[in-house]
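Novice: sequence below, structure please.
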Amino acid sequence: MRNKVFAPKRQFSSRPSSVRNGSFRSHRNSRRADQAIDVSRFVNKAKESVKETPYVPVNKFADFPISGRLKNNIIEKGYSIPTPIQDQAIPEILKGRDLIGIANTGTGKTAAFLIPFINKALADRKEKTLIIAPTRELALQIQEEMNGFAGFMGIFSAICVGGANIRSQMSSLRHRPDFVVGTPGRLKDLVDRKFIKLSDYRNLVLDEADRMLDMGFLPDIKDLLSGLPADRQSVFFSATMPIEVERLISEFSRDPIKVSVKSGNTASSIDQDVVMVARGENKMDKLHDLLLGKGFDKVLIFGRTKYGVENLSVSLNKRGFKSVSIHGDKTQSNRQRALRMFKDGTVQIMVATDVAARGLDIPNVSHVINFDLPSTYEDYVHRIGRTGRADKKGNALTFIEGR
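Specialist: Below is the predicted model:
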């Protein structure tokens, strides 16, 4: 059966995909991944039975000076003890401080900014918040979590992302929502069409700020921020924060406090290794044999291009695996359907470009496989952060082709 499967020789281009409205835009200064990253950084054994000193939070959610109705919704979601980033960031945001929050993926950054800004909106309906995320999936995930916290309190939100019907988004904006969550390109489009009046927004959140500012979104971000009131509260959250990005953030904020609870570049619970592909060896066959191995129950595979990701998913399905794909050429409804099927276990494998590398909360991913090398080590960190979440052991494998 295997020799009947068509596997194109040029399945993956070395050029990065483009980004617009949540999909990737090429960057003229990007370097080939195999020139940029030391291969040894892809090998790191998970730490077995390492007992770290448990974090002792200063607060409980019941202690925060927030609305009783909001506290009830938090309790109904099953929250009682804040995570470290929530424990340290929420009090500062409630004080009105600008903030840079740095924490590993899967540590509750979203709730850390949603809770104080929902409380702000409850106290004063003029306190509208603009939340900017790099991908459609992350924006939708933020809105879903916000609806859980703000349920039955008359707090309304609009989602503004590319790949979805812009007319329905225009309609939701006419109701003057308390929160607007979106991707930079679509937000700028709606500003240009005069459906978003930036001067109305006194609060700003940039989620995955490093990604937003270093992958081609900077012009759109600057345009959006220039229209916001000077007297605003701005918070920036991410898992990585290079120095040059911090400098950019300093232009957009006022004396921000930095809260960092990051324990390292990668989670200690992720077993990282490489898969060597010798010259002349079939890379697709190597992946096929891997996926037949024990424990490959829920696998997220990353490729670099939309074309390559789609072809890889099709090839896997031809070989008898259940696979879906996510990339920038997919409609939003198809991307959400694929993500839902992967989350609920309808399919074993999801193949994706880096649109799935940031912020997405996908439970119980057993393996992340880098079929194509990431462009930067920061991208690698975010990719493998989809496994080994919630104190579970994860596995990350990176394909290295013989030179």
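Novice: show me the contacts for residue 204.
Specialist: For residue 204, the contact set (C-beta atoms under 8 Å, 6 or more residues apart in numbering) comprises 129, 130, 131, 132, 225, 228, 232, 233, 234, 235, 252. Backbone N, C-alpha and C define where each C-beta goes, glycine included.
Novice: same thing but 10 Å
Specialist: Neighbouring residues of residue 204 by C-beta atoms under 10 Å, 6 or more residues apart in numbering: 98, 117, 129-132, 198, 224-225, 228-229, 232-236, 252-253.
Novice: and the spatially closest residue to it that is not a sequence neighbour, which of the three is it?
Specialist: The shortest distance from residue 204 to any non-neighbouring residue, by C-beta to C-beta, 6 or more residues apart in numbering, is to residue 234 (4.4 Å). State at residue 234, reduced to three classes by DSSP: H, G, I helix; E, B strand; the rest coil: strand.
Novice: and for the closest residue to residue 103 other than its chain neighbours, the neighbour number?
Specialist: Of all residues not flanking residue 103 in the chain, residue 85 sits nearest, at 4.0 Å (C-beta to C-beta, 6+ apart). Per other C-beta atoms under 10 Å, the neighbour tally for residue 85 reads 24.
Novice: centre of the chain versus the helix or strand where residue 85 lies, how much separation?
Specialist: Element membership for residue 85, per DSSP states H and E: helix 84-94. Chain-centre distance of helix 84-94: 20 Å, with C-alpha atoms, centre = their mean, to the nearest Å.
Novice: okay, now the domains of this protein?
Specialist: Domain segmentation of the chain under automatic domain parsing yields 18-49+265-401, 61-260.
Novice: tell me the mean pLDDT for whichever strand or helix holds residue 275?
Specialist: Per DSSP H and E, residue 275 falls inside strand 270-277. For strand 270-277, mean pLDDT rounds to 93.
Novice: next SSE after it?
Specialist: Downstream of strand 270-277, the next assigned helix or strand under DSSP H and E is helix 283-291.
Novice: other SSEs contacting that following helix?
Specialist: strand 270-277, strand 299-302, helix 306-318, strand 367-370, strand 394-401 (3 or more C-beta pairs under 10 Å, 6 or more residues apart in numbering; DSSP states H and E).
Novice: out of the ones you listed, the one nearest residue 167 is which?
Specialist: Nearest to residue 167, of all these, is helix 306-318, at 25.7 Å by C-beta to C-beta.
Novice: if we can go back for a sec, quick check: the residue nearest to residue 103 touching residue 93?
Specialist: No. The criterion here is C-beta atoms under 10 Å, and residue 85 misses it with residue 93 at 11.2 Å.
Novice: what touches both of those two?
Specialist: Residues touching both residue 85 and residue 93 by C-beta under 10 Å, 6+ apart: 101, 112, 113, 259.
Novice: I'd guessed the second one sits against residue 118; true?
Specialist: Read it as residue 112. No. Contact status for residue 112 versus residue 118: not in contact, 11.9 Å apart, counting by C-beta under 10 Å.
Novice: which is the next helix or strand following the helix or strand harbouring residue 141?
Specialist: If you go by DSSP H and E, residue 141 is part of helix 136-149. Downstream of helix 136-149, the first helix or strand assigned by DSSP H and E is strand 157-160.
Novice: so, low pLDDT: which residues of this structure?
Specialist: For the chain, the stretches with pLDDT under 70 are 1-36, 47-52, 105, 213-215, 244, 263-268, 359, 390-391, 403.
Novice: that one: helices as residue ranges?
Specialist: For the chain, the helices defined by DSSP state H cover 33-36, 68-76, 84-94, 109-123, 136-149, 166-173, 184-192, 209-214, 218-226, 243-251, 283-291, 306-318, 332-343, 377-384.
Novice: figure out which of those is closest to residue 299.
Specialist: When the helices of the chain are compared by C-beta to C-beta, helix 283-291 sits nearest residue 299, at 6.5 Å.
Novice: show me which residues of the closest one are buried.
Specialist: 283, 284, 286, 287, 288, 291 (16 or more other C-beta atoms under 10 Å).
Novice: isn't residue 67 right up against residue 73?
Specialist: Yes. Between residue 67 and residue 73 there is a contact at 9.2 Å, judged by C-beta under 10 Å.
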